[in-house]
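1. Sharing a model prediction with you, sequence too.
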Amino acid sequence: MLPKPQKHVFVCNQVRAPGHPFGSCSEKKAEDVFMTFMAEVRARGLDGRVQVTNTGCLGGPCSMGPTVIVYPDAVKYHKVEGAADIVAIIEGHLVGGVPVERLKVPAEAWS
């Protein structure tokens, strides 16, 4: 049986045809973001407390992906592009409880 996670991280890996007007997170190496999140969560011993899920579109802005949402906090991040961003989210938000302001989408992206 799996423990109930305290945080759930969704990583968009939406695939769209090349040239699609919305773009897609997969074009921006979202699979690498997902795999790095998984590895960093495991390396920090957060398995069980933090669940990471690969998903389809999280509602954009797709051109500013990869997009990540952390629940239950309902914090949406964009331009999560590498290990430094992922570590900042894990250490600052998932462990420290403080969302990473520089990566948060503007409030109007939720409307």
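-> That came through, no problem.
2. Could I get the buried residue list for the helix ranked longest in the chain?
-> If you go by DSSP state H, the chain has its longest helix at helix 30-43. Within helix 30-43, the residues that count as buried by 16 or more other Cβ atoms under 10 Å are 30, 33-34, 36-38, 40-41. Glycine gets a C-beta too; all of them are placed from N, C-alpha and C.
3. tell me what it is packed against?
-> The contact analysis (3 or more Cβ pairs under 8 Å, 6 or more residues apart in numbering; DSSP states H and E) places helix 30-43 against strand 7-12, strand 50-55, helix 83-88.
4. for those, which one ends up most surrounded?
-> Among these, strand 7-12 has the highest mean neighbour count (mean count of other Cβ atoms under 10 Å), at a mean of 22.
5. any idea of the mean pLDDT in the longest helix of the chain?
-> For helix 30-43, mean pLDDT rounds to 95.
6. Please tell me how far the most centrally placed residue in the chain sits from residue 101.
-> Note on the chain: the residue nearest the mean C-alpha position is residue 68, at 2.3 Å, using Cα atoms, centre = their mean. Note on residue 68: its distance to residue 101, by Cβ to Cβ, to the nearest Å, is 14 Å.
7. coming back round to it: what angle do strand 50-55 and the longest helix of the chain make with each other?
-> Per axes from the mean of the first three to the mean of the last three Cα atoms, to 10 degrees, the angle that helix 30-43 makes with strand 50-55 is 170 degrees.
8. Now do helix 30-43 against strand 7-12, angle only.
-> 160 degrees.
9. what's next to helix 30-43, contact-wise?
-> With contact meaning Cβ atoms under 8 Å, 6 or more residues apart in numbering, helix 30-43 is reached by 9, 11-14, 47, 50, 52, 54, 65-66, 68, 80-83, 86-87, 90, 94.
10. and the closest residue to residue 78 other than its chain neighbours, how many residues sit next to it?
-> Residue nearest to residue 78 in three dimensions, not counting chain neighbours: residue 64, with 4.3 Å by Cβ to Cβ, 6 or more residues apart in numbering. Neighbour count for residue 64, taken as other Cβ atoms under 10 Å: 17.
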